[in-house]
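In: Structure, please.
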Amino acid sequence: MKTSDIVTSQYVSITQTPAGVGERVLARLIDMVILFIYLVTLYRLGPWDWVIHVYDGVVSYIIYVLLQLPAIFYSPLCEYFMDGQTLGKLIMRTRVVMVDGAAPTLGAILLRWVFMVVDVYFSCLGIIFIICTRRNQRLGDLAAGTMVIRAPRKEQMHLSLDEFYYASPDYTPVYPEVQQLSLGQADVISRMLNDRKVYSDEQVHRLVQKVEQLLDIRHHEPSDTAFLQTILHDYQYYALQVI
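Out: Here you go, the predicted model:
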């Protein structure tokens, strides 16, 4: 199963699961059914005879176009006012987010909507991109910097507050010297901890030595990784005090 790891500005790692092809296609089909019902209802029940009789051709045409606007702008309107969801996405429990996990901007929503013509209505090109990209992004998502993720059920969300104990006011930093670290240096530590499979034990040890030398400290944790984790937690604690 594909996942997307997001690191916030306080270096908290969040894993989100991109929505699959089936979920996205079903959500789109549901949206198309909703739009079809709206347009059929509008045509069957709309007072066209009265409009044509009262107004001339141009005005009646303008009224007709105005009534089509909710259908034309259905996707961007829903995603903007429904926190990245259309009715189809709401039913399928998926939503649009920026690749960094933030709520989608209006510009991003409009850009991915413009590309929908190519992705959805031009030989289903979007499905090919969804299958081939790491975050299951269609062409519009790549252009707008967005992705569609699965929105977990509330009853399935289990958050262990122990993982964020450094955010508690009662937390006591072990190394106050971490306040000397720059944002870039903390980023190096965070990336090494989040990608332990990429870095060797020797590289981790060398980083520990550099941190000790830079801060003029000696660690007493049982391992180099535990030391770096403590350093990062201390840094995060002080960063939260500034907010």
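In: avg pLDDT for the helix ranked longest in the chain?
Out: Longest helix in the chain, counting residues (DSSP state H): helix 21-45. The pLDDT scores in helix 21-45 average 89.
In: In it, which of the residues would be classed as buried?
Out: 23-28, 30-31, 34-35 (16 or more other C-beta atoms under 10 Å). All C-beta atoms are positioned from the backbone trio N, CA, C, and that covers glycine.
In: same deal with stretch 119-127?
Out: Buried residues in stretch 119-127 (16+ other C-beta under 10 Å): 119-120, 126.
In: neighbours around I231, how many?
Out: Number of residues near I231 (other C-beta atoms under 10 Å) recorded here: 28.
In: Go ahead and confirm it touches P173.
Out: No - assessed by C-beta atoms under 8 Å, I231 is found out of contact with P173, at 9.7 Å.
In: one step back: restricted to helices, list the buried residues of stretch 119-127.
Out: 119, 126.
In: Export the buried residues of stretch 119-127 as TSV, with columns for pLDDT.
Out: Output for the buried residues of stretch 119-127, formatted as TSV (pLDDT from 0 to 100):
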residue	pLDDT
D119	83
V120	78
G126	82
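In: how about the strands in the protein?
Out: For the chain, the strands defined by DSSP state E cover 4-7, 13-16, 94-98, 146-150.
In: Output the contacting helices and strands for the last one.
Out: For strand 146-150, the packing partners by 3 or more C-beta pairs under 8 Å, 6 or more residues apart in numbering; DSSP states H and E come out as strand 94-98, helix 106-114, helix 139-144.
In: May I see the buried residues of stretch 93-108?
Out: 94-99, 104, 108.
In: again with stretch 233-240
Out: Under 16+ other C-beta under 10 Å, the buried positions of stretch 233-240 are 233-237, 239.
In: For H219, state which of those residues is nearest.
Out: D234 (11.6 Å; C-beta to C-beta).
In: Just the pLDDT at the closest one, thanks.
Out: 87.
In: Could you do P104 as well?
Out: 91.
In: Can you tell me how far it is from V97?
Out: To V97, P104 is 6 Å away according to C-beta to C-beta, to the nearest Å.
In: Likewise for A186?
Out: From A186 to V97 the distance is 24 Å (C-beta to C-beta).
In: repeat for G145
Out: According to C-beta to C-beta, G145 stands 10 Å off from V97.
In: now do D31
Out: Distance from D31 to V97, by C-beta to C-beta: 18 Å.
In: OK, contacts around the nearest residue in space to G126 that is not next to it in sequence?
Out: Using C-beta to C-beta, 6 or more residues apart in numbering and skipping the chain neighbours, the partner closest in space to G126 is D119 (2.9 Å). Residues near D119 by C-beta atoms under 8 Å, 6 or more residues apart in numbering: 125-126, 129, 138-140.
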